[in-house]
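Engineer: heads up, no residue letters with this:
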């Protein structure tokens, strides 16, 4: 019975995806090809730029959906927002290192800045009377401001290879390079392997941290690993989604999944699927709409799926709840 | 012949939250095969005692041994029932999933639960009368049902020493009976139980030994000798009102 409702929900999602994708191909048709040919080109991955952008979005959708699920159930959703803003100065410094958009340098710079940001949040919270929300807001905005400052300076440097660096704000899937793609694949694979291997430990520390310590699970180590993976997945997604909106990809797909499922395992799977679908959606719309920023399209897609789920989810949806509340009064 | 070590021995333990000390100089030897109640007023450090023993908060001094070993090396001896409010009951797990967490310690890293673990989980759920709800998500359960899940999880740990933090708080009569049955069964198997409790009127019926705690140990011993009006007044510092009637029975 439960399986069947989940299955029906999946079919519903698939129905949602395909017509819109075809439609998108049609409105975005700027070449002389008919929309059928355009869609065919898209789905056969013949165009390398389509291929890279799509593969990249799929990877970021998977890693954000997977790791975001842990943030949402642990009430740490805004942690993703803090991290994503905190990495911006790191990206700028990674560029300044040898004046080019080298993915490894940007990755290292961003990770260091992210770790520093998280460290700063924890220090402020534990050594002052300020609470977590204030320390997060403080670090988030300061780091972000510093990042914008550095990026603006970089834009004014003559003859530098800074093209595309401004895309880190709102994201541009078509700016993903093949090198970026390799990094994205490594991070996504690493996250999947670690989460699968230590699933029961991650579940226990997320559900009941006191119990997990009492039974000897190395909670702090696992939490650090989890947060590092979140930082990695944010960094690899920045190019496509952008600093400003990446946290949405960590929150909306898992939050939607939580409305439908009863078990953490199924929540994660659905969250990954929804992340992937929203990412593909966003890339497609952005691609066909004369390369407008990808991030907003992805987030709007994710939010639309959320709203639909909010109303139509079996059992927990607004309509289902309304019907169960009505039933007793009929009899 | 070598002397059998106590299930729990605490020496000179002090603990603090945010630098203000909560527990002073605790010395305790808990004998095997008994149900021991820990009683004291709010803020007396009852939960802190359990947390310090299990290393959930840092102790500022002193030592704790479980069957003669430090806590980290005796994890498989210890079962834990936390306070019900300590977790988010909207978490997407089923009753079965929660109880299965009790088996994880025995499984070790990388291993998945086997058929024997599944059977053990069902047996523990049966003992607390929660088997029909095994596949339910944990939200929408009553307080008593939530408490019984935690109890089943502790049972699934198959430990020798159990720490229970207010298992009787706010539960219905059916749950109270289920908990008592489980406590008695564990005792008859030679297990040792340390139970934090707040209701003085039931203490005499539940516990073989009592620890009266108010930041330090006021009195400790077999319930009959220790649970006296004089000791209670010392522990509760004049906040004792309701109790006189049941004590004189």
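Structural biologist: That came in fine, so what should we check first? Treat the numbers as computed from the prediction; the structure is a model and nothing was measured.
Engineer: where does the chain have low pLDDT?
Structural biologist: Went with chain A since none was named. For chain A, the stretches flagged by pLDDT under 70 are A:1-45, A:159-164, A:290-291, A:327-331.
Engineer: switch to chain B, please.
Structural biologist: B:1-3, B:19, B:108-110, B:238-249.
Engineer: tell me the residues of it that contact chain A?
Structural biologist: B:51, B:54-56, B:72, B:75, B:78, B:80, B:82, B:86-88, B:91-94, B:97-98, B:101, B:104-105, B:107, B:109-110, B:112, B:137, B:153, B:157, B:163 (CB under 8 Å from any CB of the partner chain). For every residue, glycine as well, the C-beta is placed using N, CA and C.
Engineer: elements contacting the helix or strand that contains residue B:15?
Structural biologist: Per DSSP states H and E: residue B:15 is located in strand B:8-17. Under the contact criterion of 3 or more CB pairs under 8 Å, 6 or more residues apart in numbering or on different chains; DSSP states H and E, strand B:8-17 touches strand B:20-30, helix B:46-53, strand B:59-66.
Engineer: from the ones you listed, which stretch is densest packed?
Structural biologist: Of all these, helix B:46-53 carries the top mean neighbour count, a mean of 23, counting by mean count of other CB atoms under 10 Å in any protein chain shown.
Engineer: can you give me the helices for the stretch 151-300 of chain A?
Structural biologist: A:178-197, A:199-207, A:209-214, A:219-241, A:246-260, A:264-288, A:294-312 (DSSP state H, counting those that start in this stretch).
Engineer: which of those helices sits most buried?
Structural biologist: Mean neighbour count, computed with mean count of other CB under 10 Å, is highest for helix A:246-260 among those, reaching a mean of 26.
Engineer: quick check: angle from that helix to helix A:294-312?
Structural biologist: Taking axes from the mean of the first three to the mean of the last three CA atoms, to 10 degrees, one finds helix A:246-260 and helix A:294-312 inclined to each other by 20 degrees.
Engineer: list the contacts of the spatially most central residue of chain A.
Structural biologist: Nearest to the geometric centre of chain A sits residue A:249, at 3.1 Å (CA atoms, centre = their mean). Neighbouring residues of residue A:249 by CB atoms under 8 Å, 6 or more residues apart in numbering or on different chains: A:60-61, A:64-65, A:68, A:237, A:241, A:275, A:278-279, A:298-299, A:302.
Engineer: next one: residue A:323
Structural biologist: Contacts of residue A:323 by CB under 8 Å, 6+ apart: none found.
Engineer: how close does residue A:190 sit to chain B?
Structural biologist: Using CB to the nearest CB, to the nearest Å, residue A:190 is found at 17 Å from chain B.
Engineer: report the contact partners of that residue.
Structural biologist: Residue A:190 makes contact with A:229, A:232, according to CB under 8 Å, 6+ apart.
Engineer: residue B:67 too?
Structural biologist: Taking CB under 8 Å, 6+ apart, one finds B:5-7, B:74, B:77, B:160-161 in contact with residue B:67.
Engineer: try it again at 10 Å.
Structural biologist: Applying CB atoms under 10 Å, 6 or more residues apart in numbering or on different chains to residue B:67 gives the contacts B:4-9, B:32, B:73-74, B:77-78, B:160-161, B:192.
Engineer: list buried residues within those residues.
Structural biologist: Buried by 16 or more other CB atoms under 10 Å in any protein chain shown: B:6-9, B:74, B:77-78, B:160-161, B:192, out of the contacts of residue B:67.
Engineer: okay, those residues in CSV with distance to residue A:140 next?
Structural biologist: Shown next, in CSV, are the buried ones among the contacts of residue B:67 (distance: CB to CB, whole Å):
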residue, distance to residue A:140
B:6, 51
B:7, 49
B:8, 46
B:9, 48
B:74, 43
B:77, 45
B:78, 40
B:160, 48
B:161, 45
B:192, 49
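Engineer: out of those residues, which sit inside strands?
Structural biologist: Judged by DSSP state E, the buried ones among the contacts of residue B:67 include B:8-9, B:78, B:161, B:192 as members of strands.
Engineer: out of the residues you listed, who's nearest chain A?
Structural biologist: Closest to chain A out of those is residue B:78 (6.8 Å), distances taken as CB to the nearest CB.
Engineer: wait, the closest one sits on residue B:8?
Structural biologist: Yes - here residue B:78 reaches residue B:8: they are 9.1 Å apart, a contact under CB atoms under 10 Å.
Engineer: measure residue A:49 to chain B for me?
Structural biologist: Counting by CB to the nearest CB - residue A:49 and chain B are separated by 39 Å.
Engineer: burial count for residue 175?
Structural biologist: I went with chain A, as the question did not name one. 22 (other CB atoms under 10 Å in any protein chain shown).
Engineer: wrong one, chain B
Structural biologist: Neighbours of residue B:175 (other CB under 10 Å): 23.
Engineer: just residue A:324 next, same as before
Structural biologist: For residue A:324, the count of nearby residues is 10 (other CB under 10 Å).
Engineer: ditto for residue B:188
Structural biologist: Residue B:188 - counted by other CB under 10 Å - has 9 other residues nearby.
Engineer: what does chain A have sitting close to chain B?
Structural biologist: Proximity of chain A to chain B, by CB under 10 Å from any CB of the partner chain, involves residues A:2, A:69, A:72-75, A:126, A:197-201, A:203-204, A:206-217, A:219, A:257-258, A:260-268, A:315-316.
Engineer: tell me where the longest helix sits in chain B.
Structural biologist: Determined from DSSP state H, the single longest helix within chain B is helix B:173-188.
Engineer: which positions in that one come out as buried?
Structural biologist: For helix B:173-188, by 16+ other CB under 10 Å, it's B:175-176, B:178-180, B:182-183, B:186.
Engineer: for residue B:221, which non-adjacent residue is closest in space?
Structural biologist: Nearest residue to residue B:221, sequence neighbours excluded (CB to CB, 6 or more residues apart in numbering or on different chains): residue B:209, at 6.6 Å.
Engineer: and that neighbour, how far from residue A:305?
Structural biologist: Applying CB to CB, to the nearest Å, the value for residue B:209 to residue A:305 is 58 Å.
Engineer: same deal with residue B:26?
Structural biologist: Applying CB to CB to residue B:26 and residue A:305 gives a distance of 55 Å.
Engineer: same deal with residue B:133?
Structural biologist: Here the criterion is CB to CB. By it, residue B:133 lies 31 Å from residue A:305.
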